[in-house]
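A.B. asks: Predicted model, plus sequence, below.
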Amino acid sequence: MSGSIIHLGPWQLGTAAALVLALAALTWYLRLALSGKLLVAAVRTVIQLLLLGLVLEYLFASARPWLIALVAMVMLSVAGREVMARQSRPFKGWWGYGLGAISMFVSSFLIMLFALNVIIAPTPWYTPQYAIPLLGMMLGNTMSGVALTLDHLTQDAWRSRAVIEARLMLGEDWRSAMRDMIRDSVRTGLIPIINAMAAAGIISIPGMMTGQVLAGNSPMIAASYQMLIMFMITAGTGFAAVLASWLGARGLFDERQRLRLERLRPPVK
Amino acid sequence: MPELTLQQLRVAHVGPVDLHIKASEIVCLSGASGSGKSLLLRAIADIIPHSGQVLLDAQPAQTMTAPHWRKQVGLLPAENQWWQDHVGEHYQNQDNDLLTSLGFDESTWQWQIANCSTGEKQRLALLRLLANQPTCLLLDEPTASLDPDNTRRVEQVLREYIAARQTPVLWVSHSREQIQRMATRQFVMRDGKLEAA
């Protein structure tokens, strides 16, 4: 890392925070009922990022494999909860959590292991400076993709109960009766990342590249890392969305291939 | 000889129902809405969880895969569903003879579902079911939205199908005239129980 970066102190951050406070004041004045949420989210950002900074400082200094694994598991379990919270009709019971978590785990972790061992190959491969940021970016995007996919799938199945049952009555199996819905849900989950790839570099300068350039790296190195991470994120999101959609659709049917929508939780109003 | 047997069939407030329908026999079922007629048909088709046994040709439902069972027992629900844009896309084998006998012609395959009337959709749904060549028939008010001419036409198509294949039939109908024309036996469903009419 280059030493030329300008350090941000309380004065700089405080000024930036004042902008959020001003926005909160405006939303309060407009009665958008958002100012509370806005402030809580801002405070969460401060606390969570400070904690992350502390944890990473410690992690980078020690580089103990079990500690890195622990941090990775904590990230995954929080992401699993977030996926569940973003669906209006998640599955009841542990499967509501497990479905998203398993899809993200299989996809993100496998792709990250592959990238760390085969593509980037730092020594040791679990070097936290690489592993943790990569996993963070993978999980953040995969989480959105899986949540969108599952939300679309369960809502669609809920609305299309009569059609699904009509197709079952005609002797179709669950895969065939759900084919269109599985396809649409995966598409919904993948569109944001496809858009992000299409816009990268022209409309938006992605966060990772911005960070590397600010830290003094050459823009070409920053660009190549950004490409790598984009491809990993796309693959991770895509495989996770396909897996989540398939597992989710299968979970809607019992052993006699009956549609069991009562396995979904009613939306919280 | 195909035969349909229900043994101690229970679902929600319906049952226990014991019923044996012989080959070529048409058992008509009437009763107030909410009495459980549709539930009974759905349980026979194994679309909803139930207890008790259903046998076709002395073969219990559980001995075959659910899709295979449903293809054999042929349930025509009261409300038909369409999920593609055109009529023809809903049929795996397009049987032109059957299509003609139901009062359509070959151009019907290209029709838009959105432009079909309720009565047309009801006849097309029956066609879609019969194209599967089910061994037995479970019909939930198959002529509810048809005019008298088309009702006769559908009854005739069904008579021929049943005669050719000796199909056991469970037929839900609210029309006394239709029951008189078609039924070999008839029952009324009251509070989930079958009563002889």
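C.D. replies: Arrived safely.
A.B. asks: For residue 197, give me its contacts.
C.D. replies: Looking at chain A here, since you left the chain open. Residues in contact with A:M197 (Cβ atoms under 8 Å, 6 or more residues apart in numbering or on different chains) are A:230, A:234. To be clear about C-beta, it is placed using only N, CA and C from the backbone, and glycine gets the same treatment.
A.B. asks: please go with chain B instead
C.D. replies: B:30, B:186-188.
A.B. asks: Put the alpha carbons of the helix or strand of chain A with the lowest mean pLDDT into PDB.
C.D. replies: Lowest by mean pLDDT, DSSP states H and E among the helices and strands of chain A is helix A:207-214, with a mean of 86. C-alpha atoms of helix A:207-214 as PDB (Å, rounded to 0.1, in the frame of the first residue of the first chain):
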ATOM      1  CA  GLY A 207     -16.200   0.500  -5.300                       C
ATOM      2  CA  MET A 208     -13.200  -1.800  -5.300                       C
ATOM      3  CA  MET A 209     -11.500   0.000  -8.100                       C
ATOM      4  CA  THR A 210     -12.100   3.300  -6.500                       C
ATOM      5  CA  GLY A 211     -10.600   2.000  -3.300                       C
ATOM      6  CA  GLN A 212      -7.400   0.800  -5.000                       C
ATOM      7  CA  VAL A 213      -6.900   3.900  -7.000                       C
ATOM      8  CA  LEU A 214      -7.400   6.100  -3.800                       C
END
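A.B. asks: helix or strand right after it?
C.D. replies: The helix or strand immediately downstream of helix A:207-214 is helix A:219-251, counting by DSSP states H and E.
A.B. asks: for that next one, packing partners?
C.D. replies: With contacts taken as 3 or more Cβ pairs under 8 Å, 6 or more residues apart in numbering or on different chains; DSSP states H and E, helix A:219-251 sits against helix A:94-104, helix A:110-114, helix A:128-159, helix A:174-199, helix A:207-214.
A.B. asks: Nearest to B:T100, out of those helices?
C.D. replies: Ranking the helices and strands packed on helix A:219-251 by proximity to B:T100 (Cβ to Cβ) places helix A:174-199 first, at 28.5 Å.
A.B. asks: Which positions in that closest one come out as buried?
C.D. replies: Neighbour-count burial for helix A:174-199, counted by 16 or more other Cβ atoms under 10 Å in any protein chain shown, picks out A:174, A:177-178, A:181-182, A:185-186, A:188-190, A:193, A:196.
A.B. asks: Next, the angle from it to helix A:128-159.
C.D. replies: 130 degrees (axes from the mean of the first three to the mean of the last three Cα atoms, to 10 degrees).
A.B. asks: The helices and strands packed on helix A:219-251: which one's closest to B:L6?
C.D. replies: Across those, B:L6 has its closest neighbour in helix A:174-199 (25.2 Å, Cβ to Cβ).
A.B. asks: roughly how far apart are B:Q72 and chain A?
C.D. replies: Computed with Cβ to the nearest Cβ, to the nearest Å, the distance linking B:Q72 and chain A is 8 Å.
A.B. asks: Need the per-residue pLDDT for that residue.
C.D. replies: We have a pLDDT of 95 for B:Q72.
A.B. asks: In which helix or strand does it reside?
C.D. replies: Here B:Q72, judged by DSSP H and E, is contained in helix B:66-73.
A.B. asks: same thing with B:L6?
C.D. replies: strand B:4-11.
A.B. asks: now B:V27
C.D. replies: Assessed by DSSP H and E, B:V27 sits inside strand B:26-30.
A.B. asks: Which positions in that strand come out as buried?
C.D. replies: Buried, per 16+ other Cβ under 10 Å, within strand B:26-30: B:26-30.
A.B. asks: could I get those as JSON lines with pLDDT and distance to chain A?
C.D. replies: Formatted as JSON lines, these follow (pLDDT from 0 to 100; distance: Cβ to the nearest Cβ, whole Å):
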{"residue": "B:I26", "pLDDT": "96", "distance to chain A": "20"}
{"residue": "B:V27", "pLDDT": "96", "distance to chain A": "19"}
{"residue": "B:C28", "pLDDT": "96", "distance to chain A": "21"}
{"residue": "B:L29", "pLDDT": "95", "distance to chain A": "18"}
{"residue": "B:S30", "pLDDT": "94", "distance to chain A": "22"}
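A.B. asks: Show me what the helix holding B:Q72 is packed up against.
C.D. replies: Using 3+ Cβ pairs under 8 Å, 6+ apart as the test, helix B:66-73 ends up in contact with helix A:161-169, strand B:51-56.
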